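Show me how the following folds:
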Amino acid sequence: MRRLSLVGFLAATGCAGAPAPSPTPVATVTVDDTPLPPIEIVDAPPPTIAEPPPAETNPLLEQLTADSENLPELGASIAKHQPLAVKLDAADRLLAVARTVDSEAWGAGKDPGLRDARAIDTYDAMAEIGGEKLADFLLDQAETTALSPARRRAAATDAESAFPGDASRSKRRAKVAGELAQLAARESLAPANAEAAAVTKRLRPGFRRCYERALEAEPTLEVSFRLNLTVDARGGVSLSKADATPAKDLARCIEGVGKSALFAPIAKNSTVIVVPIAFNPSRVRSL
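The predicted structure is shown next:
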């Protein structure tokens, strides 16, 4: 109150006779009192979720079907040149192919021998891809007495190639070999050269896996030797012996794969099949 009284006094007792100062103009503000429109709340549209881009298809995988005529070659190419994810996918696809081949729908109207031939091709492709899951499936097939001896022999041989040296399967393999030996006694002799070529080709994935294991211990390992397989009159391998190799573990693994081979009967007496093998880090081949 004191401050306001003082200001009022000074204003009233200014210089006598001086004109009173003009009042400072005050800016005026015009307020538009037009009512604002009501706020309208609209439901927002749902968020748009972008579709993921389509997965790239692998042309080799797309060819793994029951109608493919080159399954073993496709399996070999995938095993040697594709990453692990593709190999795992290939394993699942080959299991599906095997089920398809044995289905009534696929076999309808086809030559009866085609089912066995395509099933054996599927087994050989599985041996190329490898792994315990496929080895178990192949041994299951070898134990299926409803299948032909040719299919059972191929499945048993491919099971060992898919996962060599697994002692947990040895009793099962021996039982299958005994059953097939009894059946072989009633079979006609197969052409020796063709049967030998087919079975030794079936062993190559197992040989390759033995060598890949040996490379882990000795990355520069390079060897060349011969594997001698003594095949008895009923198609079983009574002796599997590498003639010379400095890598003893490799030799034992290779001999084990050879010992698991099952041939159709090819002679009335024992026969020796010689398999030349050469390994080097840049290339693995069975001659």
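
elements contacting the strand or helix carrying residue 216?
For residue 216, the host element (DSSP states H and E) is helix 192-217. On a contact count with 3 or more C-beta pairs under 8 Å, 6 or more residues apart in numbering; DSSP states H and E, helix 192-217 meets helix 112-129, helix 149-162, helix 248-259, strand 271-280, strand 283-286. (C-beta placed from N, C-alpha, C; glycine too.)

Provide the angle between the direction of that helix and the direction of strand 271-280.
Going by axes from the mean of the first three to the mean of the last three C-alpha atoms, to 10 degrees, helix 192-217 is angled at 40 degrees with respect to strand 271-280.

Quick one: distance of the very next helix or strand once past helix 192-217 to the chain centre.
The element immediately downstream of helix 192-217 (helix or strand, assigned by DSSP H and E) is strand 223-231. Mean-position distance between strand 223-231 and its chain equals 30 Å (C-alpha atoms, centre = their mean, to the nearest Å).

now do stretch 118-129
14 Å.

State the mean pLDDT of it.
Averaged over stretch 118-129, pLDDT sits at 98.

cool, stretch 100-107 as well?
95.

how long is it end to end?
9 Å (C-alpha to C-alpha, to the nearest Å).

So for that stretch, what gets flagged as buried?
By neighbour count on 16 or more other C-beta atoms under 10 Å, the buried set for stretch 100-107 is 100-102, 106-107.

can those residues go into JSON lines with extra columns for secondary structure?
Converted to JSON lines, these look like this (DSSP: H, G, I helix; E, B strand; the rest coil):
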{"residue": "100", "secondary structure": "helix"}
{"residue": "101", "secondary structure": "helix"}
{"residue": "102", "secondary structure": "coil"}
{"residue": "106", "secondary structure": "helix"}
{"residue": "107", "secondary structure": "helix"}
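
From residue 118, how far off is residue 238?
Applying C-beta to C-beta, to the nearest Å, the value for residue 238 to residue 118 is 31 Å.

Compare these two and say which is more crowded by neighbours.
Counted by other C-beta atoms under 10 Å, residue 238 and residue 118 do not tie: residue 118 has more neighbours, with 23 against 12.

Surely the more buried one is in contact with residue 101?
Yes - assessed by C-beta atoms under 8 Å, residue 118 is found in contact with residue 101 at 5.1 Å.

so what sits against both of the two?
residue 66 (C-beta atoms under 8 Å, 6 or more residues apart in numbering).

Quickly name whichever of the buried residues of stretch 100-107 is closest to residue 158.
residue 101 (14.7 Å; C-beta to C-beta).

could you measure the closest one against residue 210, distance?
Residue 101 is 29 Å from residue 210, by C-beta to C-beta.

Now do the contacts for the closest residue to residue 148 other than its chain neighbours.
Distance criterion C-beta to C-beta, 6 or more residues apart in numbering; nearest residue to residue 148, sequence neighbours excluded, is residue 116 at 5.5 Å. Going by C-beta under 8 Å, 6+ apart, residue 116 touches 148, 150-151.

ok, now residue 217?
residue 249.

pLDDT score assigned to it?
90.

for the stretch 51-200 of the chain, which spans come out with low pLDDT?
52-55 (pLDDT under 70).

Give me the number of neighbouring residues for residue 98.
The burial count for residue 98: 22, using other C-beta under 10 Å.

meant to ask about residue 178, not that
For residue 178, using other C-beta under 10 Å, the count is 11.

Identify the residue spatially nearest to residue 271, adjacent ones excluded.
Using C-beta to C-beta, 6+ apart, the closest residue to residue 271 is residue 231 (4.9 Å).

which of the helices and strands packed on helix 192-217 sits most buried?
helix 149-162 (a mean of 26; mean count of other C-beta atoms under 10 Å).

right, and residue 61 touches residue 93 too?
Yes - between residue 61 and residue 93 there is a contact at 6.2 Å, judged by C-beta under 8 Å.
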